[in-house]
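Engineer: I'd like to go over a predicted model; first the sequence, then the structure.
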Amino acid sequence: MSEQFADAFGAVYFITLGCAKNEVDTDRMRSLLLAAGYEEAPDVEEADLAIVNTCSFLASATEESIEATLALAEEAADGVRSLPIVMCGCVPSRYGADLPAELPEVAAFVRTDEEDGIVGVVDGLLGVTRAVPAHVPDVKRTVEGSVAFVKISDGCDRFCSFCAIPYIRGRYRSRPWSEIRDEVVDLVSEGVRELVLIGQDTGIWGRDLAEEGEGPHDLASLLRAVAEAVRPHDVWIRVLYLQPEGMTDDLISAIRDTPEVLPYIDIPVQHCSSRVLSAMNRSGSEEELDELFARLRREIPDMVIRTTYLVGFPGETDEEHERMLAFMDRTGFDYTSVFSFSPEEGTRAVKLDGQIDDDVKLERTQAAMDLAESLGFAATASHVGERAQVIVDGIEQTDEGYELIGHAWFQAPDSDGAVHLDAGEAAVGDILEVEFTDSFCYELVGHVVE
Ligand code: SF4
């Protein structure tokens, strides 16, 4: 295919919704299409075809994905032209069979496990034949700023009763070490300063690779191996989405003793009541969770902890809700995401007795959010007067001029707060020594220490 042809016909516009894992999947499809000779369209007006990579984690995310797709179709219709739209990812994986009839605006649906065949789908819709790469080329990651999310696994075997992810993403698959190693080395050589390792259940990484010989075979050894692979660069490594059962002594040592790995622990507990956890098809009890967090604080005294509380699960009593608030309070979580239970089609929790009335859910959610904020704001304010390194993520215009925006080790990109600095001589990706002078909500203000 000549370049001239590609310019004239073959520009693909991408929209990605949902979490960082979807961004990584879009990067993979983009790499395949570029390797086959397609181009990326900077905006929809210049596109010959659009790909919407969708999220279906919650009903609201599904709605947002469908709205974004319909808005694209409308935009194309306003410009009086035909724009084939390919809907990829979680919505087709979850609702595949029903979609063609309900969304005639969409030309093709591609499930998550079909995304490596994206070139054939686009070829078919544009009526051309491009050479499908024999293997997935080096994935060209879209890295904005200095942070890159690196997917180390896909799918989930836990089947929490409220969650559709295992049905959407399939069974747990660890990404092989060689792929992870090549990607992190490449990212760091391009200037990335923080690697955020993600997956639905990162703690069990490697379990399905254990028989495959050399290289790391569990998360603790993976963290050490990633740190080793990126040395001598000054890089932060953060791991998200750990489950309580995954916190082995070896993993705690790897986080504590590997200088590049941040003492930032993300464990979405969802609840502390053993009765509610069991109904969620999760394990553990309040006592075990207390023990776990006490052990973590003993081993890593300066650690920061993020968690999740799923409020209003069917059967949750007022007392269980109050106990969860007390648990959050005494554990002193730095960051807590609070979600209100939403009955997701196809999950077991939909059929459980004891569905909670919306007004009760709303009241409990508000109480949990208030507590999460007061703990989070206090944790943020506790850093005022301290010094820490901050990665510069960007420069923003304010009423007074410009300021640098960055994040410290205790702030996960895209989830927690940011650090605001007076504009100085700094570029995105610089790591600066900063003294924090003030805080507001989850945000910190600081100045660069010479
Ligand atoms: S661990 Fe539970 S909540 Fe998380 S993706 Fe797996 S099934 Fe869903």
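Structural biologist: Yes, it's here.

Engineer: excluding its backbone neighbours, what's nearest residue 205?
Structural biologist: Across the structure, with CB to CB, 6 or more residues apart in numbering as the measure, the residue nearest residue 205 apart from its sequence neighbours is residue 219 (4.6 Å). C-beta here means a position set from N, CA and C on the backbone, and glycine is covered the same way.

Engineer: just checking, that neighbour touches residue 239?
Structural biologist: Yes: the pair residue 219 and residue 239 qualifies as a contact (CB atoms under 8 Å) at a distance of 7.1 Å.

Engineer: tell me, what's touching those two both at once?
Structural biologist: Jointly contacting residue 219 and residue 239 under the rule CB atoms under 8 Å, 6 or more residues apart in numbering are residue 202.

Engineer: quick check: residues of this protein near the ligand?
Structural biologist: Selection of the chain residues close to the ligand by CB under 6 Å from any ligand atom yields 156, 158, 159, 160, 163, 165, 166, 200, 201.

Engineer: quick one: end-to-end distance for stretch 252-272.
Structural biologist: Taking CA to CA, to the nearest Å, the span from the opening residue of stretch 252-272 to its closing residue is 21 Å.

Engineer: cool, and stretch 303-318?
Structural biologist: End-to-end distance of stretch 303-318: 31 Å, with CA to CA as the criterion.

Engineer: returning to what we had before: which among the residues of the chain next to the ligand count as buried?
Structural biologist: Taking 16 or more other CB atoms under 10 Å as the criterion, what is buried in the residues of the chain next to the ligand is 156, 158, 160, 163, 165, 166, 200, 201.

Engineer: excluding residues flanking it in the chain, which one is nearest the first one?
Structural biologist: When the adjacent residues along the chain are set aside, residue 156 lies closest to residue 200, with 3.9 Å between them (CB to CB, 6+ apart).

Engineer: what's the spacing between the one you found and residue 149?
Structural biologist: When CB to CB, to the nearest Å is the yardstick, residue 200 and residue 149 sit 13 Å from each other.

Engineer: which ones among the residues of the chain next to the ligand are found in helices?
Structural biologist: Taking DSSP state H as the definition of helices, those contribute 165, 166.

Engineer: as a markdown table, the residues of the chain next to the ligand with distance to residue 441 would be great.
Structural biologist: Rendered in a markdown table, the data for the residues of the chain next to the ligand read as follows (distance: CB to CB, whole Å):
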| residue | distance to residue 441 |
| --- | --- |
| 156 | 32 |
| 158 | 33 |
| 159 | 36 |
| 160 | 30 |
| 163 | 29 |
| 165 | 30 |
| 166 | 35 |
| 200 | 29 |
| 201 | 31 |
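
Engineer: between the residues of the chain next to the ligand, which sits nearest residue 71?
Structural biologist: For residue 71, the closest of the residues of the chain next to the ligand turns out to be residue 165, at 25.8 Å, with distances computed as CB to CB.

Engineer: re earlier: how deep is the residue nearest to residue 205 tucked in, by neighbour count?
Structural biologist: For residue 219, the tally of surrounding residues (other CB atoms under 10 Å) stands at 28.

Engineer: list the contacts for it?
Structural biologist: Contact analysis of residue 219 by CB under 8 Å, 6+ apart lists 202, 203, 204, 205, 206, 239, 246, 251, 254.

Engineer: rerun at 10 Å
Structural biologist: Residue 219 makes contacts with 152-153, 174, 197, 199, 202-207, 239, 242, 246-248, 250-251, 254-255, as judged by CB atoms under 10 Å, 6 or more residues apart in numbering.

Engineer: now it: how far from the ligand?
Structural biologist: The spacing between residue 219 and the ligand, counted by CB to the nearest ligand atom, to the nearest Å, is 15 Å.

Engineer: now residue 216
Structural biologist: Note on residue 216: its distance to the ligand, by CB to the nearest ligand atom, is 22 Å.

Engineer: that residue: neighbouring residues, count only.
Structural biologist: Applying other CB under 10 Å, we find 19 other residues in the vicinity of residue 216.

Engineer: going forward, begin numbering at 34 instead of 1
Structural biologist: Sure, I'll start numbering at 34, so the last one becomes residue 249.

Engineer: which segments of this structure make up each domain?
Structural biologist: Following automatic domain parsing, the chain resolves into domains at 36-159, 180-414, 420-481.

Engineer: now the ones you listed in TSV, with mean pLDDT?
Structural biologist: Formatted as TSV, these follow (pLDDT from 0 to 100):
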stretch	mean pLDDT
domain 36-159	86
domain 180-414	94
domain 420-481	90
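
Engineer: ok now stretch 318-333, how far from the chain's centre?
Structural biologist: 25 Å (CA atoms, centre = their mean, to the nearest Å).

Engineer: cool, stretch 433-452 as well?
Structural biologist: Distance of stretch 433-452 from its chain centroid, counting by CA atoms, centre = their mean, is 17 Å.

Engineer: tell me the buried residues in it?
Structural biologist: For stretch 433-452, burial by neighbour count (16+ other CB under 10 Å) applies to 436-446, 449-452.

Engineer: the ligand: which of those is nearest?
Structural biologist: Using CB to the nearest ligand atom, residue 445 is the member of the buried residues of stretch 433-452 that lies nearest the ligand, at 16.9 Å.

Engineer: tell me how far residue 104 lies from the ligand.
Structural biologist: With distances defined as CB to the nearest ligand atom, the gap from residue 104 to the ligand amounts to 28 Å.

Engineer: what's near enough to touch that residue?
Structural biologist: Contacts of residue 104 (CB under 10 Å, 6+ apart): 48, 77, 85.

Engineer: that one: what secondary structure?
Structural biologist: Under the three-state scheme (DSSP: H, G, I helix; E, B strand; the rest coil), the conformation of residue 104 reads as helix.

Engineer: do the same with residue 348
Structural biologist: Going by three-state DSSP, the state assigned to residue 348 is coil.

Engineer: now for it: which residues touch it?
Structural biologist: Residue 348 makes contact with 306, 308, 309, 312, 382, 385, 386, 387, 388, 389, according to CB under 10 Å, 6+ apart.

Engineer: let's see that with 8 Å instead.
Structural biologist: Residue 348 makes contact with 308, 309, 312, 385, 386, 387 under the criterion CB under 8 Å, 6+ apart.

Engineer: among the residues you listed, which ones are buried?
Structural biologist: In terms of neighbour count (16+ other CB under 10 Å), the buried residues within these are 309, 312, 385.

Engineer: make CSV out of these and add distance to residue 53.
Structural biologist: Formatted as CSV, the buried ones among the contacts of residue 348 follow (distance: CB to CB, whole Å):
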residue, distance to residue 53
309, 28
312, 29
385, 30
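
Engineer: which one of those residues is nearest residue 354?
Structural biologist: The nearest member of these to residue 354, counting by CB to CB, is residue 309 at 9.4 Å.
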